[in-house]
Every structure is written in C-alpha cells, then in structure tokens.
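*Asks:* What shape does this take:
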Amino acid sequence: MPDTGNLHPPTALHTLHQATIAAGFSMPSDPQTGSLLRTLAASKPSGAFLELGTGTGLSTAWILDGMDPASKLLSVDNDETVQAIAKRYLGSNPRVSFHLADGAQFLESLAGQKFDYIFADTWPGKFDHLDAALALLAPGSLYIVDDLLPQSNWPLGHDAKVTAFLASLEQRPDLTITYLNWATGVLIASKRLS
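*Replies:* Okay, here's the model as predicted:
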C-alpha cells in the first residue's frame, strides 16, 4: 500500500513550499506527517488546537485542512522571518492566530487553558518545558511530535535529547503512546480520561 499516493495536499501547500525553498528554510515539514496531522485534526470537531513551531506554515496548512469551521488554532514561533511566510499565505483564515513569541514564555502564558490537540514541532514543549505543554492537554486530547528519527540536519548530541524525551514520556501514566517508525519518526500520545 503506497503511503504517498493519496496525500491530496492543501491548496496553499505548493505556494508555501516554494516560499520555504526561496527563504532557505532547512527544516520543512514532511508531507506524510502533514497528512497524518490533517487526519488527526479531523477527529477533533470544535477543537482547540496548538502548534508549537509555526515555521513557514507547512504543517499549519495541513492542520487547518483537517479542522472543522468551529475549531481554532494558535500557532507560535520565535522567528519572525519564517512565520511571516505562514502569515502571508494562511493569515486570512479566521481559524488561526499567529503569535511571535518565545515558545517557553508562550507556554507559560497559556497556563490553565486546555487544548484538544498539540503539535510540538520545536524545542519548547518537546525537549524543554515538556511538563508545561502536557499540562495543557484536555482529557482525550492528542499530543503529536515528529522528527524523532535521525536526520542529516540534527546537531551533534541531538540523539541523546530524543532518547531522554522518549524516556520521559514513557514514565507518564497519564498518557497512552504510540511510536510510528515512519516519515521522520512520529509519536502520538493521548491524554487518558482518568
């Protein structure tokens, strides 16, 4: 069964991809991961969504494509240059709000709120400030992470961070976790109801 033949990318994806290449952004999201993000987003009607790490908006486009009209997405990044690409092509969508901020500080500002879906695609909320991100999960919600398989752009010692991150999640009795040795390496966790 081919896993790339039925992707049906969002309308804005080609333009976003071209702008990403032109900007020299070296960490674009994988289309397979995007397709999964869209499918999982469709499972959360009227959902509260959080994206940690907008980048140029490639994953944002996939998530929006799966969200229903009543859902809302907050997307944060600390790089104004790359986030400006996402804003240019996706900013007119009333379901998304973009925030230019330090990820750790933004997570702290959300304390007490609950989200149905969190996609962690940057260090805050994944390799640091993990507890702050996981505290935002509503019962039955999804926490999704990609880029867990070795990649050529990983900095020296990054594999140890991934190992420590996965070990930390394994210790949490409030999460049910599945690893996908697929695309760039994906983890899906669901917040237990009790």
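*Asks:* ok, and the closest non-adjacent residue to Tyr89?
*Replies:* Among residues not flanking Tyr89 along the chain, Ala12 sits closest, at 5.0 Å (CB to CB, 6 or more residues apart in numbering). For glycine as for every other residue, the C-beta is placed from the backbone atoms N, C-alpha and C.
*Asks:* Show me which helix runs longest in the protein.
*Replies:* Counting by DSSP state H, the longest helix found in the chain is helix 158-170.
*Asks:* and that one, how far out from the chain's middle?
*Replies:* 17 Å (CA atoms, centre = their mean, to the nearest Å).
*Asks:* Quick check: chain neighbours aside, which residue is closest to Leu193?
*Replies:* Nearest to Leu193 is Pro139, by CB to CB, 6+ apart, at 4.7 Å.
*Asks:* My error: substitute Leu169 in the last question.
*Replies:* Ile177 (5.9 Å).
*Asks:* do Ser97 as well
*Replies:* Leaving aside its chain neighbours, Ser97 sits nearest to Leu74 (5.7 Å; criterion: CB to CB, 6+ apart).
*Asks:* Thr176 now?
*Replies:* Ser190 (4.8 Å).
*Asks:* And the residue nearest the centre of the chain, which helix or strand is it part of?
*Replies:* By CA atoms, centre = their mean, the chain has its centre lying nearest to Phe119, at 2.7 Å. According to DSSP states H and E, Phe119 maps onto strand 115-120.
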